[in-house]
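*Asks:* need a 3D model of the following:
(4 chains)
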Amino acid sequence: MGAELSRHVKRNLVAYIALLPMAIVVIFAYLGTMAWSVRLSFSSSKLLPRYDFVGADQYLTLFDTPRWLTSLGNLAVIAFFFLLICFLLGTLLAIFIDQNVRAESLFRTVFLYPYAMSFVVAGLIWQWILNPDLGIQHTMHGFGFTDFVLDWVVNSEMVLYAVILATVWHGAGLVMALILAGLRGVDTEIWRATRIDGIPAWRVYVSIVLPMLRPMIITSLVLLSISIVKMYDVVVAMTNGGPGTASEVPAKFIMDNLFERANIGLATAASTVMLVTVLLVMAPVIYSQYFRKSGRAS
Amino acid sequence: MIGMKQMVAVSAIAIAAATGVAKAEEPLKAEVIHWWTSGGESAAIKVFADAFNAAGGEWVDNAVAGGSAARSAAINRIVGGDPSTAALFNTSRQYHEIIGEGLLNDIDEVATKNNWDKVLPEPIAKAVKVDGKYYAAPVNIHMPLWIWYSNAALSKAGVEKPPETMDEFFAALDKLKAAGITPLALGGQRWQENSLFSAMLTNVGGGELWKSVYGDKDEAAIRSPEFRKVIETFISLKPYVDQASPGRNWNDTTALLIKDEAGFQVMGDWAKGEFKQANKEIGKDYGCIPGLRPDSPYVLGGDVFVFPKTDDAEQVKAQQLLVETMTSPDVQVKFNNLKGSIPIRADVDMSSLDACAQLGMKIMSDPARQAPDASQMMEESVYGSVQDIVTELWNTPMTVDQAVERFEKALKG
Amino acid sequence: MSSVSLQNLEISYGNVAIVKSLDLTIQDGEFLVLLGPSGCGKSTLLSAIGGLVDVSGGRILFNDKDVTWADPKDRGIGMVFQSYALYPTMSVERNLSFGLRIAGIDRATIDKKVKWAAELLQITHLLDRKPSALSGGQRQRVAIGRALVRDADIFLFDEPLSNLDAKLRAELRLEIKKLHKTLKSTMIYVTHDQIEALTLADRIAVMKDGIIQQLDTPLNVYNKPANEFVGSFLGSPAMNKVEGQLVADGDRLVFTAGDFRLDASHYPFAQKVEGGRKAVLGLRPEHILPAKGDAQAIEGKVSLIEPMGSSILAWSNFDGVSLSHLVGQDDGCEADRTFPVTIDVQKASFFDVETGWRL
Amino acid sequence: MMSQAKSANASKRPLTYQEVWGRIGIYTFLGLLALFFLLPLYVMLVTSFKSMDEVRLGLIFSLPQHFSLDAWVKAWTSACTGLDCTGLQVGFGNSVKILVPSVVFSILFGALNGYALSFWKVKGANVLFACLLLGSFVPYQVFIYPLVRFYAQTGIYGSLPAIVITHIIFGMPVMTLLFRNYYSGLPVELFKAARIDGAGFWKIFISIVLPMSVPIAIVAVIMQVTAIWNDFLLGLVFAGRDNLPMTVQLNNIVNTTTGERAYNVNMAATVLTSLVPLTVYLVSGRWFVRGIASGAVKG
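*Replies:* Prediction:
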């Protein structure tokens, strides 16, 4: 076996060398920093890393911190609605654009351009538009509709939906592009077959076409999920976590504790919790989507 | 890049060696990281830059908007081994751990020479002195808990004179509310809500409670009826705040006073800058209340510069020149006039200061009324938890009992 | 030119053995066809010969030289793929010359070779085109040309005609046969199409589950299948199979299945067979002939006829056994009538019930 | 597709009542949503053309009464960051300086990794790739401190190489995923044919695989240009004082919380900063969809 392995390596030596940068990045930049961060979560580090050992203290503190629990709850709500709305809206847009509409490229550009803007811009501008003193509410009051209320950004109950609105605006275009690309790849014979069978169009989409677009859907969900877990800039720009702690998110909790509050121990404990959560949720998805099929021969 | 840097360094040495004395005449370069990016702040820091340049230095400005962004940039560069010459911090414990790691140069030499032990107010000296050595140069004193009011708004609501006690304050709030004016302008951001709470703690609870709760973290004080009263008073302010408060920036909030749309705002003395910019005059258009009891404590906040460790003699020289120029009396007056704060030393000519600043200087001259800012009395992580409690207290229906319990947990933690 | 020898070859992906301890020697200049159903390991074996798949055991020898671990480019092979595998971003000319350019051959030689191959395959007029502008047949010619210019000693064909329509397939098949005649190189050709195998091969290796079932000339493979699998895999229309028993009737052996009886005494048994042995009778439709007044004729009742152009395939019942057989258009075979036939037992096959091997 | 078949019929015969309403429904839906999507851009643009006097009126949806380019000029040439009042133009140059090598190298590495992963057998490569993908879910913040220490030790902290390397690291998961999926859609026979033609690892990559990667490379360019250009945090931490990207200056202009907010300048600065990725989208939007359709996400 040993000889065989070395022969295998020898034959594919260049490939091994070519993958070296990736291996280095994975081992040092990703695994290394993750391990480092897990290690620090068991220390009493404040502003600078300390390498003592305090057991699970930071975790106990973490789950005794109302703001962290709020953050987790908020993330769940955001994740659910953001994924759902982004996906539904993006898919509907793609389907409608695919109906041979005029000015298709114009519509496509309009729905996709927010993705080119940064999250900071998305947060700032929507904060402005939804601000009751400046934006839509103010304008409606100016027109005489003084009972009109649109106070999402200042209302603890609704602020999460304001964040979701801004992120949907930012991300729905990407879903549209992915699904549209998928629709363009659907075999025309399928459409002919369903017309012969007399199946209504909506039924064809729901039961036949969308299941065929599974890879596109998974990819868009993966990309959206990445932005959810990392969601930080948009919240900072839009609400800075407020009112109160109503729109706090985990990445912001980590960031605040890492820099503003000089609490590396707690921050790394929080990021370890996020890491494990992501691992539990995403590992099966990534595995089934990208690794289930056995590798190809070469 | 590394190669380039070395090349430059090598050639610099070569040139220096060749020209001999040339190096001595080179200006002392000092790169300063700070977050003072607005118009007024820029004008203020320009005073430092000009003074430093005039003293033979070369000020290299590195402004990063946002205090925490600027501070983390500074810290990253310190641990990255590529520190700036100086970096701005708040007068707090933010930098104490870096001192512990031996990453800052002390400035004892300049401090001793200038007799800082005598000149500086005690809370400030305490904040910048660690293990008997000065590690940071304070450049200003901000009192973060001033109560500002709009004259026009008050008179419109029939408030005869600015309140001097809590009772009068509430009476004024009620009148304003009845007159359809927003009684209390508050920017619903964590730190602003926290300023309001601190103002209640100092004005309802008084200086002793301030020090025993935030400073000593005394359990009895936290559980005392006095502290409960502070919390109750804070909660009772909610109805006086307008609906659009959450997330509003402090300066947009001050603008409500400027436009006479609101009566009061609790804000640091930097708010003067906003009034000034809007051509409003102290006394005529607006006024400042330092406290709502005769012995209300004067909370001393402010900003300091720290000087990262370096072995480069030129840099050390530059650092000392920075301290020297920034804390000199003339520069102090000029700078603080623009910054809205008051000088760190009492031995300056106060005549050019505005009325509020002069009032502040007068109160501060009584050591009994001097009080350290909350951030100087606890670690940032603890202070962060306290701020979280305050913001939740303001924005959720938390009971007083729950609040007391959480304060105790956070402070004793 | 080169001979190829595979010794005790094993190929596996992970824990799955694709090819199991395989021995095969291909003579210099021989045209060998690897025939088998999809998934039998024939393409993998071809890739291994080409050096594109690592073997997990055994040796590969070219002209007695061990090339088991040699790089594909050092083996002196040319390969043609089912999907053509033309480089889509290069013109035909560059597709043909790519290997030569890598080998650092001078321009003049490259041009000469490309010209030669292009003329041989009649694709000279296509040299400037991109593969996307070619028809399927043209693409496959280019793919063959790419193998040609390399001066290969051994040509590997991996189902090269499977993506073409029937007419083109026949045309290119002939072309490949001519090519082999001209070049006299060793050719190894993988296919699942028995017509290609039978028409092209010097020898056919029939594979199943990574094991060579039979290695012989096309005629022998067709007429004397080594086992039930080979017998039924080759031949269209398919071979009839009847399960029954060989019983001794005096000194003769007779195959019986219910009422059906067939005298097997003239069958060339490969081994001594005792009476009472269970066996499968394999009978190709063309070996059941219309009886022309023979005494040995048996009568069957025709249930269904399928006209096949030159002849007719009839399905008849002989004493409870249903067999398909070929009849001429003028033999007067009609459904629901009886029809007499004779069975040539010398051309039949008997297989062991258990192992499937030829008796 | 169905729609095409539909419209082909439509051109021959008049639309039925139902179809007319269907078309109206489609255009109404798309039109309303287009308005929703355009609203922020509209607000940004009209605000940026207003004077401060007009901004103070607080009518963010109204058209500018006096069309003015002052805010744009100010944002570009004289908006201040501390004492440095040179506008966004310096940051623009820095951003370009960071963008070009970061995009080029991150895409090259993505392509190389994808190629090696899908055509070559390298033991353990899939495990590495899985780790890389999972790593993309970890908030950046976790990486910053150790990376600072690492760069400090190698002596490149606060330099152009540091920020470029950082972008390569953080771009690697998605880029590798993109190219790997695209390449698994290519016929493996191509690769085999090239091997027989004597091409080695690099020759196949450069002569055959890279020229075939144009559709997916466009997708990659769009995604990376957007991500890298819009980055603020990494640029601030790693780029060093002399290379601070435009977004840092935008932050300085927009996030200064003292003094009156010059919303018109802020909006002009925001639009200016978004101009590069926006242009990339406008120019290559159609290829984006096409590129994705070409198999980028076949999984």
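*Asks:* so what does whichever strand in chain B runs longest touch, helix or strand wise?
*Replies:* As assigned by DSSP state E, the longest strand anywhere in chain B is strand B:298-306. For strand B:298-306, the elements it packs on are strand B:86-90, helix B:122-128, strand B:136-142, helix B:313-327, helix B:355-364, strand B:370-372, judged by 3 or more C-beta pairs under 8 Å, 6 or more residues apart in numbering or on different chains; DSSP states H and E. Where you see a C-beta, it was placed from the backbone N, CA and C, and this is true even at glycine.
*Asks:* export that strand as PDB, just CAs?
*Replies:* Extracted in PDB, the C-alpha atoms of strand B:298-306 (Å, rounded to 0.1, in the frame of the first residue of the first chain):
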ATOM      1  CA  TYR B 298     -19.600  66.900  38.000                       C
ATOM      2  CA  VAL B 299     -18.800  63.800  36.000                       C
ATOM      3  CA  LEU B 300     -15.400  64.000  34.300                       C
ATOM      4  CA  GLY B 301     -15.100  62.200  31.000                       C
ATOM      5  CA  GLY B 302     -12.900  63.200  28.100                       C
ATOM      6  CA  ASP B 303     -10.200  62.000  25.800                       C
ATOM      7  CA  VAL B 304      -6.600  61.000  26.100                       C
ATOM      8  CA  PHE B 305      -3.800  60.200  23.800                       C
ATOM      9  CA  VAL B 306      -1.700  57.100  24.400                       C
END
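*Asks:* and that strand, which strands flank it?
*Replies:* Here strand B:298-306 has these sheet partners by DSSP bridges: strand B:86-90 (antiparallel), strand B:136-142 (antiparallel), strand B:370-372 (parallel).
*Asks:* what angle do that strand and helix B:355-364 make?
*Replies:* If you take axes from the mean of the first three to the mean of the last three C-alpha atoms, to 10 degrees, strand B:298-306 sits at 100 degrees to helix B:355-364.
*Asks:* circling back: I'd like the strands paired with strand B:298-306 as TSV, with mean neighbour count and mean pLDDT appended.
*Replies:* Listed next are the strands paired with strand B:298-306 as TSV, based on neighbours: other C-beta atoms under 10 Å in any protein chain shown; pLDDT from 0 to 100:
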stretch	mean neighbour count	mean pLDDT
strand B:86-90	25	94
strand B:136-142	26	93
strand B:370-372	22	92
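*Asks:* compare these and report which one is nearest to D:Q224.
*Replies:* Closest approach to D:Q224 among these is made by strand B:86-90 (32.8 Å; C-beta to C-beta).
*Asks:* give me the distance from the closest one to the chain's centre.
*Replies:* Offset of strand B:86-90 from its chain centre (C-alpha atoms, centre = their mean, to the nearest Å): 12 Å.
*Asks:* what does that strand contact?
*Replies:* Residues outside strand B:86-90 that contact it (C-beta atoms under 8 Å, 6 or more residues apart in numbering or on different chains): B:30-36, B:67, B:70-71, B:74, B:78, B:95, B:136, B:301-308, B:319, B:322, B:375.
*Asks:* cutoff 6 Å now
*Replies:* For strand B:86-90, the external contacting residues (C-beta atoms under 6 Å, 6 or more residues apart in numbering or on different chains) are B:V32, B:I33, B:H34, B:A74, B:Y95, B:D303, B:V304, B:F305, B:V306, B:F307, B:L322.
*Asks:* what mean pLDDT does the longest strand of chain B get?
*Replies:* Averaged over strand B:298-306, pLDDT sits at 93.
*Asks:* got the angle between that strand and helix B:313-327?
*Replies:* Calculated by the same axes, to 10 degrees, strand B:298-306 forms an angle of 160 degrees with helix B:313-327.
*Asks:* gap between strand B:298-306 and the chain center?
*Replies:* Distance of strand B:298-306 from its chain centroid, counting by C-alpha atoms, centre = their mean, is 5 Å.
*Asks:* tell me which residues of it come out buried.
*Replies:* Using 16 or more other C-beta atoms under 10 Å in any protein chain shown as the test for burial, strand B:298-306 gives B:Y298, B:V299, B:L300, B:G301, B:G302, B:D303, B:V304, B:F305, B:V306.
*Asks:* what residues are bridge-paired with the third one?
*Replies:* Applying DSSP bridges to B:L300 yields these beta-bridge partners: B:P372.
*Asks:* secondary structure element holding the residue nearest to the spatial centre of chain D?
*Replies:* Centroid check for chain D by C-alpha atoms, centre = their mean gives D:T226 as the closest residue, at 1.4 Å. D:T226 is part of helix D:214-230 when elements are defined by DSSP states H and E.
*Asks:* does that helix reach chain A?
*Replies:* Yes - for helix D:214-230, a contact with chain A is found by C-beta under 6 Å from any C-beta of the partner chain, at D:T226, D:N230.
*Asks:* what's that helix packed up against?
*Replies:* helix D:89-119, helix D:160-184, helix D:263-291 (3 or more C-beta pairs under 6 Å, 6 or more residues apart in numbering or on different chains; DSSP states H and E).
*Asks:* what separates the second one from the chain centre, distance-wise?
*Replies:* The one in question is helix D:160-184. 13 Å.
*Asks:* next one: stretch B:155-167
*Replies:* With C-alpha atoms, centre = their mean, you get 28 Å for stretch B:155-167.
*Asks:* distance between the ends of that stretch?
*Replies:* Separation of the first and last residues of stretch B:155-167 by C-alpha to C-alpha, to the nearest Å is 18 Å.
*Asks:* again with stretch C:160-170
*Replies:* 12 Å.
*Asks:* buried stuff in it?
*Replies:* Buried-residue list, stretch C:160-170, by 16+ other C-beta under 10 Å: C:P160, C:L161, C:N163, C:L164, C:L168, C:R169.
*Asks:* now do the SS call for A:M231.
*Replies:* Look at A:M231: counting by DSSP: H, G, I helix; E, B strand; the rest coil, its state is coil.
*Asks:* thinking again about what came up before, what comes into contact with the next helix or strand after the helix holding D:T226?
*Replies:* Note on helix D:214-230: by DSSP H and E, the next helix or strand toward the C-terminus is helix D:233-238. Contact partners of helix D:233-238, identified using C-beta under 6 Å, 6+ apart, comprise B:N76, D:I144, D:A162, D:I163, D:T166, D:P245, D:V248.
*Asks:* could these go into CSV alongside pLDDT and distance to C:I102?
*Replies:* Formatted as CSV, these follow (pLDDT from 0 to 100; distance: C-beta to C-beta, whole Å):
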residue, pLDDT, distance to C:I102
B:N76, 82, 49
D:I144, 79, 46
D:A162, 91, 39
D:I163, 93, 38
D:T166, 93, 37
D:P245, 89, 43
D:V248, 82, 48
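*Asks:* nearest to D:K123, of those residues?
*Replies:* Checking the contacts of helix D:233-238 against D:K123 with C-beta to C-beta, the nearest one is D:T166 at 29.0 Å.
*Asks:* can you pull the contacts of the closest one?
*Replies:* For D:T166, the contacting residues are D:L234, D:F238, by C-beta under 6 Å, 6+ apart.
*Asks:* again, 7 Å this time
*Replies:* With contact set as C-beta atoms under 7 Å, 6 or more residues apart in numbering or on different chains, D:T166 has these partners: D:L147, D:L234, D:F238.
*Asks:* now swap in D:S68 and tell me
*Replies:* For D:S68, the contacting residues are D:F49, D:K50, D:S51, by C-beta under 7 Å, 6+ apart.
*Asks:* with adjacent residues omitted, what lies nearest to the first one?
*Replies:* Setting aside the residues directly before and after it, D:F49 is nearest to D:P64 in space (C-beta to C-beta, 6 or more residues apart in numbering or on different chains), at 4.4 Å.
*Asks:* number of nearby residues for the one you found?
*Replies:* When neighbours are counted by other C-beta atoms under 10 Å in any protein chain shown, D:P64 registers 16.
*Asks:* hey, what's the residue in the stretch 101-250 of chain C positioned nearest to chain A bridged with?
*Replies:* The minimum distance from the stretch 101-250 of chain C to chain A, using C-beta to the nearest C-beta, falls at C:D158 (12.6 Å). According to DSSP bridges, the partner residues bridging C:D158 are C:F81, C:V190.
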